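> Please find the sequence and the predicted model below.
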Amino acid sequence: MTAAIEMVDVLDEPKAIEGRSPFVLAVHRLRKDKVAMISLAVILLIVLMAIFAPVFTAITGHPPNEQYRDIGLTPDGLPRGPNGTFWLGTDDLGRDILVRIAYGARVSLLVGVIATAITVVIGVVLGLAAGFLGGITDTVLARLIDVVLSVPFLLVAIALVSVTGPSLTVTVLVIGCFSWASVARIVRGQVLSLREREFVEAARSLGAGDGRIMFVDVLPNVMAPVIVYTTLLIPVVIVTQATLSFLGLGLPPPTADWGGMISSSQNYYTTAWWFILFPGLALLITTLAFNLFGDGVRDAFDPRADRT
């Protein structure tokens, strides 16, 4: 009898309310977004294709830079269409397009992630400093942001490549060092609205220095827009890298690169449709997947998404 009474008392006790952080709520909303989840699945497939690019070489028996002029080109010297030997056809030098697309994914994702990371780190640090420190620091950094945003990016890229020569390092540095200004402007605006909040004043009254307040107290409160902007910046960087390669400013040949493949196919779009179609589709699907996923992340971190 006593045990039964105790069990009833336990059942009658109110359950503790489990609080969830804004990040957990955002992830919960994101998981309900079917378009974002499908886009994430596509991104994961592209990442797996890039990681296991050597598997495509092993299956087809065609290295990415191997030229098969005897079986990969027609008697007229034109690329061969999709067939049992070359599943997506060949390019103007008789190379397997499928294998080169897989290896090109490595370049696009590598540049997209590294250049975006450089951009976000520089933008967040300078935006934090400008917004929190204020005064002359804010004035100088704000003017620097305006100057960087006004620099003609492609002209600078052409000038640098003409001096240093095309390479992966130059591509990453050019994109990273001239894309951070927009991130810094977003972070600066967020910090300007946070630096007078109560938690900042409380940390300052406890003796915390500016560095600790910026990176421990303020930075976590601006990470939501930074995460959103990062997911939307990656496809922009991928397209920028492809554009530089299309203009001959990217990786030197014979490195497999989507932009370079599209550039090489310009003279064959009427006679070899597969040459321009498949690299273009790879670039389109990748950037579209990242953009749709970025839109889902933005909606997930926006509290107003609950109203819809």
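It's in.

> Give me the distance between the closest residue in space to A102 that isn't next to it in sequence and G134.
Nearest residue to A102, sequence neighbours excluded (Cβ to Cβ, 6 or more residues apart in numbering): A53, at 4.0 Å. For the C-beta atoms, the positions are set from N, CA and C on the backbone; glycine is no exception. Distance of A53 to G134, given as Cβ to Cβ, to the nearest Å: 49 Å.

> Show me which of those two is the more surrounded one.
Taking other Cβ atoms under 10 Å, A53 and G134 do not tie; A53 has more neighbours (19 against 13).

> quick one: contacts for the most centrally placed residue in the chain?
When Cα atoms, centre = their mean is applied to the chain, the residue found nearest the centroid is I234 (1.9 Å). Residues in contact with I234 (Cβ atoms under 8 Å, 6 or more residues apart in numbering) are G112, V113, T116, F290, G294.

> Quick check: what element follows the host helix or strand of it along the chain?
In the assignment (DSSP states H and E), I234 maps to helix 219-246. On the C-terminal side of helix 219-246, the closest following helix or strand by DSSP H and E is helix 258-264.

> quick one: average pLDDT of that following helix?
Averaging pLDDT along helix 258-264 yields 91.

> Show me what that helix is packed up against.
The helices and strands touching helix 258-264, judged by 3 or more Cβ pairs under 8 Å, 6 or more residues apart in numbering; DSSP states H and E, are helix 97-133, helix 219-246, helix 273-301.

> how about the CA coordinates for that helix, as CSV?
Coordinates of each C-alpha in helix 258-264 appear next as CSV, following Å, rounded to 0.1, in the frame of the first residue of the first chain:
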residue,chain,number,x,y,z
TRP,A,258,35.1,22.6,-63.6
GLY,A,259,35.6,26.2,-64.7
GLY,A,260,38.5,25.1,-66.9
MET,A,261,36.5,22.3,-68.4
ILE,A,262,33.7,24.7,-69.3
SER,A,263,36.2,27.1,-70.8
SER,A,264,37.7,24.3,-72.9
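
> can you list contacts of it?
Here helix 258-264 has contacts from 91-92, 97, 100-101, 104-105, 107-108, 241-248, 250-251, 253, 275-276, 279-280, 282-283, using Cβ under 8 Å, 6+ apart.

> Equivalent analysis for stretch 41-60, please.
Contacts of stretch 41-60 (Cβ under 8 Å, 6+ apart): 63-64, 86-87, 96, 98-99, 102-103, 105-106, 109, 285-286, 289-290, 293.

> how far is that stretch from where the chain is centred?
Offset of stretch 41-60 from its chain centre (Cα atoms, centre = their mean, to the nearest Å): 18 Å.

> and that stretch, what's its mean pLDDT?
The average pLDDT within stretch 41-60 is 94.

> repeat for stretch 111-127
Stretch 111-127 carries an average pLDDT of 93.

> Can you name the next helix or strand after the lowest-mean-pLDDT helix or strand in the chain?
Sorting the helices and strands of the chain by mean pLDDT, DSSP states H and E puts helix 2-12 at the bottom, at a mean of 49. Later in the chain than helix 2-12, the nearest helix or strand by DSSP H and E is helix 22-31.

> Now that next one: buried residues?
A26, R29, L30 (16 or more other Cβ atoms under 10 Å).

> Over to stretch 235-251?
For stretch 235-251, by 16+ other Cβ under 10 Å, it's 235-247, 249-251.

> any idea which of these is closest to T139?
Nearest to T139, judged by Cβ to Cβ, of these is V236 at 28.5 Å.

> Run through the residues that contact the residue nearest to that closest one when sequence neighbours are not counted.
Closest residue in space to V236, ignoring its immediate chain neighbours: S179 at 7.8 Å, by Cβ to Cβ, 6+ apart. When contacts are counted by Cβ under 8 Å, 6+ apart, S179 touches A115, T119, L233, V236, V237, T240.

> Using JSON lines, lay out those residues together with distance to P152.
As requested, the contacts of S179 are exported to JSON lines (distance: Cβ to Cβ, whole Å):
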{"residue": "A115", "distance to P152": "18"}
{"residue": "T119", "distance to P152": "18"}
{"residue": "L233", "distance to P152": "20"}
{"residue": "V236", "distance to P152": "17"}
{"residue": "V237", "distance to P152": "18"}
{"residue": "T240", "distance to P152": "13"}
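
> Surely V239 touches T286?
No: applying Cβ atoms under 8 Å, one finds V239 not in contact with T286, separated by 9.3 Å.

> Now the closest residue in space to I97 that isn't next to it in sequence: which helix or strand?
Among residues not flanking I97 along the chain, L88 sits closest, at 4.4 Å (Cβ to Cβ, 6+ apart). Per DSSP H and E, L88 falls between elements, in no helix or strand.

> Give me the neighbour count for L88.
By other Cβ under 10 Å, 22 other residues sit near L88.

> And for Y268?
So Y268, with other Cβ under 10 Å, has 16 neighbours.
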